[in-house]
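K.L.:
Okay, here's the prediction I keep looking at, along with the sequence it came from:
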Number of protein chains: 2
Amino acid sequence: MSDPKAKTGAGVKHMKWWGWGEEGVAFHHEDKPGFAPFVDFAIGIDLWKEPQSVAAFSSISVPKSQASAAFVKQFSAIVGAENATTDDESRVVHTFGKSVRDLIRVRAGDFPRTPDIVLYPADEAEVKQIVDAAVAANAVIIPFGGGSNIVGSLEPLANEKRTVISLDLGRLNQVLEIDEGSGLARIQAGAQGPDLEEQLVAKGWTLGHFPDSFTHSTLGGWVATRSSGMQSDKFGDIADIARGMRVVRPDGILVLRPIPSASTGPNVREMIVGSEGRLGVITEVTVRVHRKPEKREIIAYLFPNWQAGLAAMHEISESDATPSITRVSDWGETKMSFATSKESKGVSAAVTKGFGVFLEKIKGWDTERMCLSFIGYEGGNGLVSRNQKLVGAIVKRHGGVKVGKGPGVLYDQKKFDTPYLRDFLLDRGGAADVSETSAPWSKLQGVYDGAFAAAQKAYDEIGVKGWIMAHLSHSYHDGACLYFTFAFEHNDQPLAQYDIVKSAIQQSFIDSGATISHHHGVGLEHAPWLEKDISASGVAVMQGLFDATDPLGTFNPGKVIAAPGVDQGNSGSALHAPAATAAPAKAARTAPAKKAAATKAAAAKTPTRVGAAK
Amino acid sequence: MSDPKAKTGAGVKHMKWWGWGEEGVAFHHEDKPGFAPFVDFAIGIDLWKEPQSVAAFSSISVPKSQASAAFVKQFSAIVGAENATTDDESRVVHTFGKSVRDLIRVRAGDFPRTPDIVLYPADEAEVKQIVDAAVAANAVIIPFGGGSNIVGSLEPLANEKRTVISLDLGRLNQVLEIDEGSGLARIQAGAQGPDLEEQLVAKGWTLGHFPDSFTHSTLGGWVATRSSGMQSDKFGDIADIARGMRVVRPDGILVLRPIPSASTGPNVREMIVGSEGRLGVITEVTVRVHRKPEKREIIAYLFPNWQAGLAAMHEISESDATPSITRVSDWGETKMSFATSKESKGVSAAVTKGFGVFLEKIKGWDTERMCLSFIGYEGGNGLVSRNQKLVGAIVKRHGGVKVGKGPGVLYDQKKFDTPYLRDFLLDRGGAADVSETSAPWSKLQGVYDGAFAAAQKAYDEIGVKGWIMAHLSHSYHDGACLYFTFAFEHNDQPLAQYDIVKSAIQQSFIDSGATISHHHGVGLEHAPWLEKDISASGVAVMQGLFDATDPLGTFNPGKVIAAPGVDQGNSGSALHAPAATAAPAKAARTAPAKKAAATKAAAAKTPTRVGAAK
């Protein structure tokens, strides 16, 4: 085993132990004059107060590794001592993803259970050795990609008595082969977004998969959680992009050829996609790749209100237009976009210079209610201009106006910066996170209204001034994704408060005919609603699959579906679907007030001002 | 139970007990002067000889139903006596699908096992009662849609000792609801193609799913076998079309909401799609439906050779064009298309009138090698003309020429008639069937060459003059479907001969990196190659799913994956992947020569001349 202080995993990059992104990068608001007033308006937090910052790692108490010396020796021998570690910070980095629940707990030093050892295999053969040895030892394997998960898919079960391995795929980061004649690339599962895209672009290709987490997530993670990207309207969700794959299982390597479409029984590929580690360790995926398009543009539009924006997106999906991005924010998110713009740039610049007056005076809009939309176009010049013409006519028909390319360029540059906001707000006593769903077009307004009503009721219950906003993205023939962001000023029981709000929104999805997740996965966080989404018999089918293929529960047990009758003990389980056995939110499991207070008292650390401007 | 002669199943339509389609409809060649010479050229059969026709049903010996009187009474009570039958013809109709293997056996009276009772439930509640009673009685349920299956998914296992129910969904044939605001229709699983399309069209919608079997197959069957339609380039395969579903299982009704896309773990919907009855009985599917397009055209093109046609289809798939159909036949199938045209119509008419001379003299083509292509266009006038322009340029770049709309109109009208040819040839001593696959673009020429070489080797082995031809259809970003048709003059061991040819072609798919089926399913016929396609571990995952969700083997046991270690006894099992345990083709299970001779001697029945002209 390596010296805890030495670099383990041969330079595999990880995010901050306490938050999103790399050390030294953070959101800042000083050059965005509209942001502080917006936050005050939305959740009543004064951004000009001194932020509390996270404690030094050394002040955090980390549970000891439960791996025996013999276990550490055995598994270190497989990957080499320099690629195995039990050091505290590595184990903490591999304990959680980056949801606000995760961030609250990690800052508070609230670790129900950490992995006991982190392993960085070099290749599939080492993964296979680890899997076989873990099964023989009745240990637990939790595959780890970029660590960006926000639904509790990465944390060990609190009550887990067995030795827990976090299997970090970070060294499997190569584009192995490009089949130029088919537009297919064979890529190792641990390759992070920018890394694999760089390797592809060097050979003239792009994957076209850009989730919000892109900079810190991996191909294997995208497949394991059934991810979508912001250009999925054109390139498809990861389930459409991933064709072949290799998965290490106890009975061998599961190998699926890269076949465009097949009728070979229940689709095993579609079982691996979304499996969150429960069916084995994905080591390699063959994906569809594309040539750089002749033209690529993102155009901003404004609609007088949400209903108009929604109707326009629906009509675009029914039309002959084939945009790569369809996105419209509601008035709240539009306000937030304006508020995160620098004065001289972005949407606010375009709109303030007389345009706002035009909209109000000439068009008669209530600009407080207007909604910002981004539509992406990719392809040959002819296709792009045709699509812009088709979309332009539809926008006009719904009372919208074209703003232009400028805001789209900025959106494109800054699209991956949003996750930094979680940390920024936490430093200032604000809890913010997201819930996303999809539903048929005819239900979307109901889903939207339902989530807002549910959030408001939850805010009333916990007695806070809360905020919720949304956008539509990912249009399909028959429906679309709605993506909600919610925030509130938390008290010293932030997890208990969060659970109430998050549970209310998730339940509203179910009540209005939507799904519990369009592209974030299930993990521990959404598991309580799975039965309501896909029915008890659907869950039984999935449970049967897990039980039959992993009888020991070696692979990420308890995720997607909780082991029946087992109190997994994780605070994630505090989330509850109301109509279930209706256990009250387990406040006892949230971060103790004392620890939180200690954190607040810790020395503030001012982050370097590298920002997430829009 | 009903009187055998009475109409059972309240008017549910079935195909001929001995062949494709309705009684009185058949292929004929007398008005197609090129057809007899073509067949003589291809497989050396003289079509002007008196055809042998099938025996009268009364001369066929049908095994008795093994259902006890108590069993019949119990299950008849569920559906009503008029919707349950043990009569011979009903049981024979429900024994097989319509592959040439099925037709050879049914004509020869070779029934390894028939269902013991056919039930026609009225609704999901009755299906649920049947499922529960069948589980309690340890009986077998084989769901039955239109009976068009050609991979052995419908026949009971020969060694099945339990009572076998054929569960005919034909009375569940209603379009229940159209969500006009989302383009979704809730349709009962037993609705046949023309019936559901008629109900949709009456309300201004179309499903857009048109497999070759369309006129005699059902929505539930399409879902259960993972079907594709000829316009799937635009509308998607059935896996893309089917969104919500209801499946009756012993533990309840599995209900999946119609969600456009979701990240709710391993995708249960994608487990039901392709399940061939093994996970329960599909009673209802919510599907994407579309408004009738402004314009719909199919244009015929000709390419100088197969390589040019293949390259053009690939370039179309990479371009900004979005056709609804991409199809190109090789020279053999092109020859066949010309041969099935009436003298005054279709492709031959278009080509013979000076056009052939132009191609040969001016363009310098070897017209023996030219390849016919159909490209479909659907959408607004603008999209259709833009797509035709884009495709036109690509066709030209690959040396192709546009023929025009006439042949496309005829193709469109006659596209569902091809299956009648199996019966026509069987009447004349010819065995013909199909094998289809898909693979990445870069492998398609190898797949094509491999299948041809394998078929030729097999023909040499059995000592016949055989024929094989192919077309490409269903283009994807990364690959396409290749669809092979093969035929030969059989001797008195037609099944043994067929097994050798079919096995050779299936094995060639595996050897060249293709899948064992793009859209026909697995059944018994393709099961021997499943492991080579999706790997042993992939099969183990699927087996685990089946075992866990159906521990008694109630639901269509032995299909997709054979029960391990069980000799299922079906002659379908004669097919074998060479590298497997290499059991010789079980000639003993093929139609006995004596029976075949008896069939030949039976009185010929001249079919009405309603034809399958092209």
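P.N.:
That came through, no problem.
K.L.:
Need the three-state assignment for the closest residue to residue A:443 other than its chain neighbours.
P.N.:
What sits nearest to residue A:443 in space, not counting adjacent residues and going by CB to CB, 6 or more residues apart in numbering or on different chains, is residue A:513, at 4.7 Å. Quick note: C-beta positions are derived from backbone N, CA and C, even for glycine. Following DSSP: H, G, I helix; E, B strand; the rest coil, residue A:513 is assigned to coil.
K.L.:
what's the pLDDT at residue A:513?
P.N.:
Residue-level confidence at residue A:513 comes out at 97, pLDDT.
K.L.:
can you pull out the strands in the stretch 51-200 of chain A?
P.N.:
For the stretch 51-200 of chain A, the strands defined by DSSP state E, counting those that start in this stretch cover A:84-85, A:117-119, A:140-144, A:164-168, A:175-179, A:184-188.
K.L.:
So which residues on the stretch 301-450 of chain A come close to chain B?
P.N.:
Contact residues (CB under 8 Å from any CB of the partner chain) of the stretch 301-450 of chain A with chain B: A:318-320, A:322, A:379-380, A:382-383, A:386, A:438-443.
K.L.:
at 6 Å instead, please
P.N.:
Within the stretch 301-450 of chain A, the positions adjacent to chain B are A:320, A:379-380, A:383, A:438, A:440-442 by CB under 6 Å from any CB of the partner chain.
K.L.:
In helices, which of these appear?
P.N.:
Applying DSSP state H to those, the entries found in helices are residue A:383.
K.L.:
Can you report how many residues lie near the residue nearest to residue A:443?
P.N.:
19 (other CB atoms under 10 Å in any protein chain shown).
K.L.:
Now it: phi and psi?
P.N.:
phi 80, psi 20 (degrees, to the nearest 10).
K.L.:
That one touches residue A:441, doesn't it?
P.N.:
No - counting by CB atoms under 6 Å, residue A:513 sits too far from residue A:441 to count as a contact (11.5 Å).
K.L.:
before we move on, back to that, adding mean pLDDT, distance to chain B and mean neighbour count, write the strands of the stretch 51-200 of chain A out as TSV.
P.N.:
Compiled in TSV, the strands of the stretch 51-200 of chain A are given as follows (pLDDT from 0 to 100; distance: least, CB to the nearest CB, whole Å; neighbours: other CB atoms under 10 Å in any protein chain shown):
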stretch	mean pLDDT	distance to chain B	mean neighbour count
strand A:84-85	97	26	28
strand A:117-119	98	22	27
strand A:140-144	98	15	27
strand A:164-168	98	18	28
strand A:175-179	98	5	17
strand A:184-188	98	5	24
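K.L.:
farthest-separated two in the residues of the stretch 301-450 of chain A next to chain B?
P.N.:
Spatial extent of these (CB to CB) is set by the pair A:380 and A:442 at 34.2 Å.
K.L.:
Among the two, which residue is more densely surrounded?
P.N.:
residue A:442 (17 against 14).
K.L.:
Just the buried residues out of the residues of the stretch 301-450 of chain A next to chain B, in ChimeraX syntax.
P.N.:
A single ChimeraX command is used to select the members of those judged buried by 16 or more other CB atoms under 10 Å in any protein chain shown:
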select /A:320,379,383,438,440,441,442
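K.L.:
Generate a markdown table for the residues of the stretch 301-450 of chain A next to chain B, with pLDDT as supplementary columns.
P.N.:
Formatted as a markdown table, these follow (pLDDT from 0 to 100):
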| residue | pLDDT |
| --- | --- |
| A:320 | 94 |
| A:379 | 95 |
| A:380 | 95 |
| A:383 | 95 |
| A:438 | 98 |
| A:440 | 98 |
| A:441 | 98 |
| A:442 | 98 |
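K.L.:
Sort out which of the residues of the stretch 301-450 of chain A next to chain B are in strands and list them.
P.N.:
A:379, A:438, A:440 (DSSP state E).
K.L.:
Go through these and name the one nearest residue A:121.
P.N.:
The closest of those to residue A:121 turns out to be residue A:438 (CB to CB; 35.2 Å).
K.L.:
For that closest one, which non-adjacent residue is spatially closest?
P.N.:
Spatial nearest neighbour of residue A:438, excluding adjacent residues (CB to CB, 6+ apart): residue A:518 at 4.0 Å.
K.L.:
likewise residue A:215?
P.N.:
Nearest residue to residue A:215, sequence neighbours excluded (CB to CB, 6+ apart): residue A:416, at 4.9 Å.
K.L.:
Local confidence estimate at the one you found?
P.N.:
pLDDT at residue A:416 comes out at 83.
K.L.:
And it, which helix or strand is it part of?
P.N.:
For residue A:416, there is no host helix or strand (DSSP states H and E).
K.L.:
What is the neighbour count of it?
P.N.:
Applying other CB under 10 Å, we find 20 residues neighbouring residue A:416.
K.L.:
now residue A:491
P.N.:
15.
K.L.:
Assign it to helix, strand or coil.
P.N.:
coil.
K.L.:
How confident was the prediction at it?
P.N.:
96.
K.L.:
re the thing from before, possible to save the residues of the stretch 301-450 of chain A next to chain B as a markdown table with distance to residue A:280?
P.N.:
Formatted as a markdown table, those follow (distance: CB to CB, whole Å):
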| residue | distance to residue A:280 |
| --- | --- |
| A:320 | 42 |
| A:379 | 38 |
| A:380 | 41 |
| A:383 | 40 |
| A:438 | 27 |
| A:440 | 34 |
| A:441 | 37 |
| A:442 | 39 |
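K.L.:
from the residues of the stretch 301-450 of chain A next to chain B, which single one is nearest residue B:368?
P.N.:
Set against residue B:368, the nearest of these by CB to CB is residue A:380 (36.7 Å).
K.L.:
so the closest one makes contact with residue A:294?
P.N.:
Yes - under the criterion of CB under 6 Å, residue A:380 makes contact with residue A:294 at 4.9 Å.
K.L.:
what's the overlap in contacts for those two?
P.N.:
When CB atoms under 6 Å, 6 or more residues apart in numbering or on different chains defines a contact, no residue borders residue A:380 and residue A:294 alike.
K.L.:
helices or strands up against the helix or strand where residue A:487 lies?
P.N.:
Using DSSP H and E, residue A:487 sits within strand A:479-489. Under the contact criterion of 3 or more CB pairs under 6 Å, 6 or more residues apart in numbering or on different chains; DSSP states H and E, strand A:479-489 touches helix A:35-43, strand A:430-440, helix A:444-462, strand A:467-475.
K.L.:
quick one: the helices in the stretch 501-614 of chain A?
P.N.:
Using DSSP state H, counting those that start in this stretch, the helices found in the stretch 501-614 of chain A span residues A:530-549, A:593-601.
K.L.:
Leaving out sequence neighbours, find the closest residue to residue A:332.
P.N.:
Excluding its sequence neighbours, the residue lying closest to residue A:332 (CB to CB, 6+ apart) is residue A:469, at 3.3 Å.
K.L.:
Let me know how buried that neighbour is, in neighbour terms.
P.N.:
Residue A:469, neighbours per other CB under 10 Å, totals 20.
K.L.:
And the ones in strands among the residues of the stretch 301-450 of chain A next to chain B, which is closest to residue A:285?
P.N.:
residue A:438 (23.2 Å).
K.L.:
these two touch, right, the closest one and residue A:517?
P.N.:
No - look at residue A:438 against residue A:517 with CB under 6 Å: they stay out of range, at 8.5 Å.
K.L.:
got a list of what the residue nearest to residue A:438 touches?
P.N.:
A:436-438, A:481.
K.L.:
just these now: which is nearest chain B?
P.N.:
Chain B has its nearest neighbour among these in residue A:438, at 5.2 Å by CB to the nearest CB.
K.L.:
That closest one bridge partners, please.
P.N.:
Beta-bridge partners recorded for residue A:438 (DSSP bridges): residue A:481.
K.L.:
residues from the stretch 151-300 of chain A in reach of chain B?
P.N.:
Near chain B, when you scan the stretch 151-300 of chain A using CB under 6 Å from any CB, you find A:179, A:181-184, A:225-226, A:237, A:249, A:251-252, A:254-256, A:258-268, A:270-271, A:274-275, A:288.
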